[in-house]
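Novice: sequence and predicted model, in that order:
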Amino acid sequence: MKSFLTTPIFLTFLSLTLPFFLFPSLQTETRAEETVLYSWDFETPGDLEGWRSGGGLEKLRIENGALKGTYVSRDPILFLPPVDFAVRPGLVVDVRMKADLETQGELYFTNTTEGPYGGFSGSKMTKWHIAKGNAYRTVRIHPSWISEKKIIQLRLDPGSAPQEMWGKTSFAIDSVKIIDLNFEKIQPVSGIWDFTDANVDISHWSSAGSAITKPGNGGWELRFHPDDPGIRTPQLRSVPMRIEDGVSKCWCTIEMSAEGPGMAASLTLTCEELSEPLEVSFALQPDGKTHLYNLLIVHPKFDPSKVFQAILSMTDPQTRAVVRSIRFTSSPQGPAQIQLGEGGGLTDALCRAGRPVPFEFRITNSGGETAENLTLTDIQLPDGVSLVSGNVSDAIPQTVLEPFDSAVCSLKLQAEKAVCGNAVVQIRYRNAPDTQTVTEKFTFPLEFLPSLNLPRADYVPKPRPLKSEYEIGALYFPGWGSPAAWERIFPVAPIRKPVLGWYDEADPECIDWQIKWAVENGISYFLVDWYWNRGNQHLDHWVKGFQKARYRSYLKWAMMWANHNGPGSHSEEDQAEVTRFWIENYFRTPEYYRIDGKPVVMIWSPDGMDRDVREIYREKGVELKKGEGVKKLLDLSREMARDAGFPGIYFIAMKWPEASTSPGDIQWLADAGFDMTSLYHYMHHGGLASDPKFFDFDCCVESILPYWEARQETGILPFLPNLSTGWDPRPWHGLKQTVIYGRTADKFREICEKCREFTQRTGQRNIVLAPLNEWGEGSYAEPNKEFGFEMYEAVRETFCERPSEGWPPNYTPSDVGLGPYDFDFRRPDTQAAMNADFDDADAPRIWNAMMGISTPECADGKFTFLTKTRDPAIQARFENLLSKRCSRVVVRMKLTPKEGENAPQTDRAQLFWGTANIPQSEATSLICPIVLDGKFREYVFAVGESKAWQGVIESLRFDPCSTKDVKVEIDFIRLEK
């Protein structure tokens, strides 16, 4: 049996946000001859070859063998000559062009001339990226036109420019070709490539961004070469191919080594049945050692037995990778391999000498075989640190770990005095079915700080606010009012543990600590995420707790109305209702934040408000201009506030796109009546990142001052500079979204210093930190294990006056004998979790509210709630639930529509699951028809029949229906064999 090394992966299965897939054209050996169906080369001066402008362009001409034009609107249009061809798999469009700016092209296609736009529509369109530069680049577009059967018209929009660049930027198209790749001639391959074998057939693969290297004895080395056009990182990409018996091969195993700064790699897949690419992103082990990555590939429209293409790419150009093999198989490969989770070690944020402290770490078997006889055999500690509880040999709670299963090892340590060093643990296990014994060593940094010897306090000590010429605010997300919220954080990111612990955010005592730490580090107000959707509220526990806090008079707060609701959620009637609520409950309180004497309200989605009101008036036969809809709502609220005795309301708009400084994106907000703009978080790379999805926090540090300066130069509306607190949403989304890595307290301090420089020049004295506590999205500065108080101290040392007696000391609740404030994380055992019958209302509960429902009640053996939206959901998280233990999920429930409502008699329920290999998505879900008749019925989800039901099940989400105002009573939810 061939020996493999394995590594853990932090994996997601992603559909890219842009509805297209394309490869830059490369010189590669293909498996089928290409046929050109249509070609336009623009070689004859004065001959547009039937192309014509549809508007938004000037100076359209043939010059130097290219079709050239100048952008003069937001929607430039080029119509192609008539075409007539049948659509079939393997038809692509090659566009060779260049542009003066980075933009996005759009290819429209249709099989008709009927309709309001002559047959064209936004649903029949594929986008592609147009890079800025003087060199022509060829992009191969795979249009999502397979359902059209036949194409008779094409339209190509060659990108667009912001208004300030109209008439100043242009493009040039050298050629456009429609090509048949002749997929029907492609023969199936085994799907296994061993690049260490000198005889391997490499004709299906080529390197890109890697100086067109070839495999050697150690594998295929990928190195970035900056001269490769359109390629930003090292890549290995395939030609169109299909795999023998591919329908059963849902795993791709990549054996490779990597070193350098990159944190991730991705395997991107496309086929004709997909309208979007599928991207499997995974965390790299950039240690120069060979690892094996088992990637689960599941999508209802992806079948490797049909023709597809693949790209393996690094996310950083400086990553050097050697790929030893790529294998498409029906199961994960390689022997057992124990790997360490992130953030293990001492669990508390700040550990003091003289006190016992928990020491924990999570291990995972990332291989394809079972690890047996798993034992922690040794722990080496620095001098002065001792093991005070727990037996080393019993620290691992289970001796067997199946593939992708994990376990948490727990001990307690204590230091006699302050010490900084390392703990080294040794783990031994046997790889089944072999008899080979493996020993692994893992190192953890330890730091015990000296005891402060502070007297014990009866309550949170009184705050000592600082003086500053600045008003310093911070955005705040009140998402931590239940154990279920924290359970998505600490298993994967224990390094984010707050100094307050995994706390109950509604507890006024916790809020008093937040107030104390904020004002003693220069922060004077919070902008708190606030949720209202047509009278329905949620996540208001922090505001209610704040109103009971002893020290609330020290801190101001205002709403950041998170009105990112669906269409139809805003109206003048609803605006009057929400404004009345503001006036009666918040505006009259002395702690509510004001600017120029006006209560402040920040709005997340001005565009959503404008959209809804304009649609209401459109139905009345009145067409409002952009901005006039939201203006009506702001004017209404201001008038109500003035009638209540206030000088008005100071409205701050959240500007979108966040990183835009285009005057057009700001002017409409000024015209709509907003007083100021700001951001939720600055998370842009400023054009400095090779991969805009994964980049270093240095990019934010370097680009934030130019952003402020460009925003200032518009001269349109005041704005609130936003100090970035990072973005790394892996606990919530895996690698599905942008990840900014490399954040440190020193880099944040540099942002603070840049802000002080900017404000000293501009006179701006009101600034805001990006979120303090987006622990899931990875945007946080509140005192925590990773940074301690350093983020806060950077604020006060940059913007505040140092008191003559020195800065107020920052210390933890335990330093004065208070706390802990952690939730009770009691969980039912696995068997009880699999058979949730809700008979014991006091027992630990596995199922909890997720969204769109009233507060659930557990009584009379039923789990009961009311659906408040059309997307209600409950959720459950599991520990070490192996998929093979159950093949179906059975739900017995009763659904009763609101009396008198014209509710549908039938609907559908949906069950989602997330595993150690793949997060929740439509690809990991099943749908079951349901009846809304007030009778108990059993509904069965045959999860065992899905290819995605594999490995370790980490979470379930259950959507009982898609109807509002339904009473849901669940008798049981059972996971059965």
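Specialist: On my side now, so go ahead. Numbering: from 1, shown residues only.

Novice: got a list of contacts for the helix or strand where Ile930 lies?
Specialist: Ile930 is part of strand 925-931 when elements are defined by DSSP states H and E. For strand 925-931, the external contacting residues (C-beta atoms under 8 Å, 6 or more residues apart in numbering) are 895, 905-913, 937, 939-943, 946, 960-961. Using the backbone N, CA and C atoms, a C-beta is placed for each residue, glycine as well.

Novice: just the buried ones from these, in ChimeraX syntax?
Specialist: Typed into ChimeraX, the line below selects the buried ones among the contacts of strand 925-931, using 16 or more other C-beta atoms under 10 Å:
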select :895,907,909,910,911,912,913,939,941,943,946,960,961
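
Novice: so which of the contacts of strand 925-931 are in strands?
Specialist: Among those, the members found in strands (DSSP state E) are 895, 906-913, 937, 939-941.

Novice: tell me which of those is nearest to Gly115?
Specialist: Arg908 (31.1 Å; C-beta to C-beta).

Novice: ok, Phe171 - contacts?
Specialist: Neighbours of Phe171 in contact, by C-beta under 8 Å, 6+ apart: Lys68, Gly69, Tyr71, Met97, Lys98, Ala99, Asp100, Ile130, Pro158, Gly159.

Novice: quick check: the fourth one touching Leu156?
Specialist: The reference is to Met97. No. The criterion here is C-beta atoms under 8 Å, and Met97 misses it with Leu156 at 9.6 Å.

Novice: now the helices for the stretch 201-350 of the chain?
Specialist: For the stretch 201-350 of the chain, helices defined by DSSP state H, counting those that start in this stretch do not occur.

Novice: ah, wrong one, I meant the chain
Specialist: Per DSSP state H, the chain carries helices over the ranges 483-486, 508-519, 541-546, 572-582, 606-619, 628-643, 663-672, 697-713, 730-733, 745-762, 790-799, 830-834.

Novice: show me what the longest one is packed against.
Specialist: With contacts taken as 3 or more C-beta pairs under 8 Å, 6 or more residues apart in numbering; DSSP states H and E, helix 745-762 sits against helix 697-713, strand 722-723, helix 790-799.

Novice: which residues are contacting that helix?
Specialist: The contact list for helix 745-762 (C-beta under 8 Å, 6+ apart) reads 470, 697-698, 700-701, 704-705, 708-709, 712, 721, 723-726, 764-765, 767, 781, 787, 790-791, 794-795, 797-799.

Novice: domain assignment for this protein?
Specialist: The record's domain parsing of the chain by automatic domain parsing lists 22-184, 194-329, 338-448, 471-808, 830-976.

Novice: figure out which of the ones you listed is closest to Asp824.
Specialist: domain 471-808 (7.1 Å).

Novice: how far does the closest one stretch from start to finish?
Specialist: 19 Å (C-alpha to C-alpha, to the nearest Å).

Novice: ok, now stretch 498-515?
Specialist: Its start and end residues considered, stretch 498-515 measures 15 Å (C-alpha to C-alpha).

Novice: what's around Met165, how many residues?
Specialist: 15 (other C-beta atoms under 10 Å).
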